[in-house]
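Pasting the sequence and the predicted coordinates here, then a few questions.
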Amino acid sequence: AQRVTQPEKLLSVFKGAPVELKCNYSYSGSPELFWYVQYSRQRLQLLLRHISRESIKGFTADLNKGETSFHLKKPFAQEEDSAMYYCALSHLNAGNMLTFGGGTRLMVKP
Amino acid sequence: DAGVIQSPRHEVTEMGQEVTLRCKPISGHNSLFWYRQTMMRGLELLIYFNNNVPIDDSGMPEDRFSAKMPNASFSTLKIQPSEPRDSAVYFCASSLVAGWAGELFFGEGSRLTVL
């Protein structure tokens, strides 16, 4: 069965500090992994996907199949990064159905 | 496009009452998903439709929950009878299956409180 685990419910850092939001997965097939973000009073939205190998708002995430991880990183956190972050795994054989992790709330303090 | 539209945004009801949540997906999208968000369990998939047909409803908690999609532009999630443990934010999302994998477009959610 597929599962996405985000071990930290809350992560608090100071502005300018590095950030790493952890995500581990279990999936029998070849995974497609994503990070979604929900800013205060906004809709849940896609932040980035591993297949694009892109950096969005300074965030990057590398898929490590050996460690079954897809951690989200940013070298210097900004206050506007404060939000709820969800790691998600896609079931490509199931019409884009996504399994989400429990989410991590990131708080960036001034 | 206004995106995925959900109604009502907030609903407060008493235990035992029927609750109906509504969703209008983005025009042209052919997959629709209902998720439930709680503090304890995060985002859980309840059911999803492809071309208006329910594909996987294994996440529906019990028979009190039902979902329909009578046409490509409308879906409902019904809880009858409602219970306090159903209190949560219910999200609807849509996607274009043929598009980029994994990009779901979410509505603003319906916050349900069952007293």
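Right, received. Where do you want to start? All of these numbers come straight from a predicted model, not from anything done at the bench.

all contacts plus neighbour counts: C-alpha atoms, from now on.
Fine.

Is residue 12 bridged to anything, and to what?
As the question left the chain open, I've gone with chain A. residue A:107 (DSSP bridges).

my bad, chain B
Note on residue B:12: beta-bridge partners residue B:113, judged by DSSP bridges.

Surely it touches residue B:114?
Yes. Counting by C-alpha atoms under 8 Å, residue B:114 is a contact partner of residue B:12 at 5.9 Å.

Quick check on these two: which one has the bigger neighbour count.
More crowded of residue B:12 and residue B:114, by other C-alpha atoms under 10 Å in any protein chain shown: residue B:114, with 18 against 12.

and the more buried one, what does it touch?
B:12-15, B:82-87 (C-alpha atoms under 8 Å, 6 or more residues apart in numbering or on different chains).

For chain A, give me its nearest residue in chain B.
Nearest residue of chain B to chain A, counting by C-alpha to the nearest C-alpha: residue B:42, 4.4 Å away.

residues touching the closest residue to that residue other than its chain neighbours, list them.
Spatial nearest neighbour of residue B:42, excluding adjacent residues (C-alpha to C-alpha, 6 or more residues apart in numbering or on different chains): residue A:102 at 4.4 Å. Contacts of residue A:102 were listed using C-alpha under 8 Å, 6+ apart, and they are A:4-6, A:9, A:86, B:41-43.

ok, those residues vs residue B:26, which is closest?
Closest to residue B:26 out of these is residue B:43 (20.8 Å), distances taken as C-alpha to C-alpha.

How many neighbouring residues does that closest one have?
Other residues near residue B:43 come to 23 when the count uses other C-alpha under 10 Å.

in the sheet, who's paired with it?
Here residue B:43 sits in beta bridges with residue B:37, as judged by DSSP bridges.
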